[in-house]
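> quick one: sequence and predicted model below, then my questions.
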Amino acid sequence: MESLSSAFTIDLRRLTVLRELQRRGSLARTAEALHLTPSAVSQQLAALARDLGVPLTERDGRGVRLTGQAKVLLAHADVIAAQLERARADLAAYDEGGRGTVTVGCFSSGILGLLPAALRGLRERLPHLRVDVVEAEPPDLFTALDAGQVDVAVAVDFAAAPPSTDRRYTRADLLTDVMDVALPPGHPLADRAEVPLRELAREPWVVGNALSCCGAVTRSVCAAAGFTPEIRHAVNDWAALAGLVEAGLGVALVPRLVRSLYAHRDLALRPAAGEPPSRNVFVAVRTGSEGDPVLAAVREELEVAAARSG
């Protein structure tokens, strides 16, 4: 590598590739997230390293790992990205007419139980604003947020979500979404006021994909109760899950955000005994963009809708 030049410049697109590699941990997963080939990712990283005159990756078995110089650069990358977002927010604040388009990324049950009320309030507040909604979960949701494909992210805290200390995002907690036990009609525990999860250890379960927020949360809740659920049916659609439980094919945990789907179903929804299983729902924007008046309005309406649903 050449010595570091005092006049070096950084291609922000290449810097985005490096940030995604830090998040994903491998060239293949980075390429998939950015819709590139692994070869293109390697070329972008190599070009960035040449521009800066420092090594950014090194071989690690069959993969690569970030160098110390890359980690130093990434600390600055967060500051650079935040400052660019502040510039954009300042420009947006210059004309607060609420025109244009904002894209909200959200998990499926949030789209059902939270977004409608928030977007109704936003439409009354900013009638000329167009709002697009994208169903997405971490980590893909935050890849889209980083890339500017999503402006506001509504997500659940679980292993695939960024930690609350991640400086790339400004976030606020919206609500604690309690999860109830869904039982088939006539189940021996259906008449209980509360259902001990441990008593469902031998039941067949209907659970979402392990990579989805609810699938991950259900697995962790069962583990905390002292058992590994026998997952007989793996579905991510809440109506399909309700149909399987109603047919007597298993039990499930259901977030209260989707209770409206179950109003006319012949099944029993019961609180879990003890500390209720729950998941934390939060909203996040890119750090620096929180001053954008439109994004601030979106976040405020989400907070109002969350308070009402709670």
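That came through fine. Numbering: from 1, shown residues only.
> hey, let's count contacts and neighbours off CA atoms from now on
Will do.
> in stretch 203-222, what counts as buried?
204-208, 212-222 (16 or more other Cα atoms under 10 Å).
> could you give me the average pLDDT of the host helix or strand of residue 87?
Secondary structure assigned from DSSP states H and E places residue 87 in helix 68-94. What helix 68-94 shows for mean pLDDT is 80.
> roughly how far out does it sit from the chain middle?
In terms of Cα atoms, centre = their mean, to the nearest Å, the centre of helix 68-94 is found 21 Å from the chain centre.
> what residues sit buried inside the worst-scoring helix or strand of the chain on mean pLDDT?
Ranked by mean pLDDT, DSSP states H and E, the weakest helix or strand in the chain is helix 68-94, scoring a mean of 80. Neighbour counts over helix 68-94 (16+ other Cα under 10 Å) mark 70, 73-74, 77-78, 81-82, 85-86, 89-90, 92 as buried.
> got it, and stretch 291-303?
Buried residues in stretch 291-303 (16+ other Cα under 10 Å): 291-295, 297-299, 301-303.
> just the C-alpha atoms of that stretch, please, in PDB.
Only the C-alpha atoms of stretch 291-303 are listed here, as PDB (Å, rounded to 0.1, in the frame of the first residue of the first chain):
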ATOM      1  CA  GLY A 291     -34.100  17.200  12.400                       C
ATOM      2  CA  ASP A 292     -36.000  16.700   9.200                       C
ATOM      3  CA  PRO A 293     -39.500  18.100   9.900                       C
ATOM      4  CA  VAL A 294     -41.300  15.400   7.800                       C
ATOM      5  CA  LEU A 295     -39.500  12.500   9.500                       C
ATOM      6  CA  ALA A 296     -40.100  14.100  12.900                       C
ATOM      7  CA  ALA A 297     -43.800  14.200  12.100                       C
ATOM      8  CA  VAL A 298     -43.800  10.600  11.100                       C
ATOM      9  CA  ARG A 299     -42.100   9.600  14.300                       C
ATOM     10  CA  GLU A 300     -44.500  11.700  16.400                       C
ATOM     11  CA  GLU A 301     -47.600  10.100  14.800                       C
ATOM     12  CA  LEU A 302     -46.100   6.700  15.400                       C
ATOM     13  CA  GLU A 303     -45.600   7.600  19.100                       C
END
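> okay, now the domains of the protein?
Per automatic domain parsing, the structural domains of the chain span 12-77, 98-174+280-309, 176-279.
> average pLDDT for the longest one?
Going back to what we said before, that points to domain 98-174+280-309. Averaged across domain 98-174+280-309, pLDDT comes to 94.
> chain center to that domain, what's the gap?
Chain-centre distance of domain 98-174+280-309: 10 Å, with Cα atoms, centre = their mean.
> please apply the same query to the first one.
On the basis of Cα atoms, centre = their mean, domain 12-77 is displaced by 23 Å from the centre of the chain it belongs to.
> and what of stretch 217-232?
Distance, centroid of stretch 217-232 to centroid of chain: 21 Å (Cα atoms, centre = their mean).
> need the distance between the two termini of that stretch.
The first and last residues of stretch 217-232 sit 17 Å apart, counting by Cα to Cα, to the nearest Å.
> can you map out the strands along the stretch 201-310 of the chain?
Counting by DSSP state E, counting those that start in this stretch, the stretch 201-310 of the chain has strands at residues 204-207, 230-234, 252-255, 268-270, 278-286.
> what's the closest non-adjacent residue to residue 133?
residue 104 (4.9 Å; Cα to Cα, 6 or more residues apart in numbering).
> name the helices or strands packed onto the host helix or strand of that neighbour?
Assignment of secondary structure by DSSP H and E places residue 104 within strand 100-106. If you count contacts as 3 or more Cα pairs under 8 Å, 6 or more residues apart in numbering; DSSP states H and E, strand 100-106 packs onto strand 129-135, strand 152-156.
> quick one: strands adjacent to the shortest one?
Strand 152-156 has these partner strands in its sheet, going by DSSP bridges: strand 100-106 (parallel), strand 278-286 (antiparallel).
> same thing with the first one?
Strands flanking strand 129-135 in the sheet, each with its direction: strand 100-106 (parallel) (DSSP bridges).
> put the alpha carbons of the strand it pairs with into CSV.
In CSV, the C-alpha atoms belonging to strand 100-106 read as follows (Å, rounded to 0.1, in the frame of the first residue of the first chain):
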residue,chain,number,x,y,z
GLY,A,100,-42.6,14.7,-1.5
THR,A,101,-42.3,11.1,-0.5
VAL,A,102,-41.3,9.3,2.7
THR,A,103,-40.8,5.5,2.9
VAL,A,104,-41.5,3.6,6.1
GLY,A,105,-40.2,0.1,6.6
CYS,A,106,-42.0,-2.0,9.1
